[in-house]
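Colleague: Below: sequence and its predicted model.
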Amino acid sequence: MFKRVVRRALDGRRSGRQAEPAVEPVKPVTPEPESAAPSPPPTPPRDESSKPKPAGTSIAARIAAGQAAAVKTSVSATSGAVSPTAQGLSTAEDGTTYWGQLNNESARAKGRGETLVIDQWECISCGTCVENTDAVFTLPDDAKAVVVRQQGDMALIQDAIDACPVTCIHWTEEPNEFEQLNDADGKPA
């Protein structure tokens, strides 16, 4: 059946006539003549950086809210590299000190002088922290995850803490209470 339909269509084209279409032909759209009225001026782009940044939200939530430009990184989304202007202590409206531009739990802990650690006894080496920011965390082969830098994009660090399936990433005033089993190279500590 299909072969017959194709054959008729090809024969119709060869003989200069169109084969009978199975459906009505589509009428060509003719463009409307342009009016002499001037078009409105283009709207200037909105300045996304002037929007308020939601406190304690993840990067995905900020992107969904249309605030992707609110946090500028100088390398890549997962590197955790922060522009030099974004570093330093800031003060929230409530008087709490936080680190960087984003005011979240990690930025407040960093502002209090706490240290980021991984409880390696609890770590299951899933790599979720490294997926969030490889500039702060590393996962050596056949070892537990390790914090390699104490600063980075606080949104990414907080995302890593929130995403950890065994909640082994902590900000603490006493980093020595968490025994480290290996270093960043995977060698026993």
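Modeller: Yep, it's here.

Colleague: Run through the helices of the chain in chain order.
Modeller: When assigned using DSSP state H, the helices of the chain occupy the ranges 2-14, 59-64, 105-111, 128-132, 154-163.

Colleague: Least reliable of those helices by average pLDDT, please.
Modeller: Among the helices of the chain, helix 59-64 carries the lowest mean pLDDT, a mean of 64.

Colleague: and residue 122, what is it in contact with?
Modeller: 166, 167, 168 (CB atoms under 8 Å, 6 or more residues apart in numbering). (Glycine included, C-beta is placed from N, CA and C.)

Colleague: for the chain, which spans come out with low pLDDT?
Modeller: The model of the chain has pLDDT under 70 over residues 1-6, 12-87.

Colleague: how about 80 then?
Modeller: In the predicted model of the chain, residues 1-87 satisfy pLDDT under 80.

Colleague: Excluding chain neighbours, what is closest to residue 158?
Modeller: residue 106 (4.2 Å; CB to CB, 6 or more residues apart in numbering).

Colleague: OK, contacts around the one you found?
Modeller: By CB under 8 Å, 6+ apart, residue 106 lies in contact with 116, 154, 157, 158, 161, 171.

Colleague: before we move on, the earlier item: save the contacts of residue 122 as JSON lines, and put in distance to residue 123 too.
Modeller: Converted to JSON lines, the contacts of residue 122 look like this (distance: CB to CB, whole Å):
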{"residue": "166", "distance to residue 123": "7"}
{"residue": "167", "distance to residue 123": "10"}
{"residue": "168", "distance to residue 123": "5"}
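
Colleague: Pick out whichever of those sits closest to residue 146.
Modeller: Distances from residue 146 to those, taken as CB to CB, are shortest for residue 168 (11.6 Å).

Colleague: Can you get me a residue count around the closest one?
Modeller: Neighbours of residue 168 under the rule other CB atoms under 10 Å: 20.

Colleague: that older thread, quick one: which of the contacts of residue 106 has the most company?
Modeller: When neighbours are counted by other CB under 10 Å, residue 157 leads those with 33 neighbours.

Colleague: Surely that one and residue 135 touch.
Modeller: No: Residue 157 lies out of contact with residue 135 (CB atoms under 8 Å); the separation is 9.6 Å.

Colleague: For residue 101, state which of the contacts of residue 122 is nearest.
Modeller: Looking across the contacts of residue 122 and measuring by CB to CB, the closest to residue 101 is residue 167, at 25.7 Å.

Colleague: residues in contact with the closest one?
Modeller: Contact analysis of residue 167 by CB under 8 Å, 6+ apart lists 122, 161.
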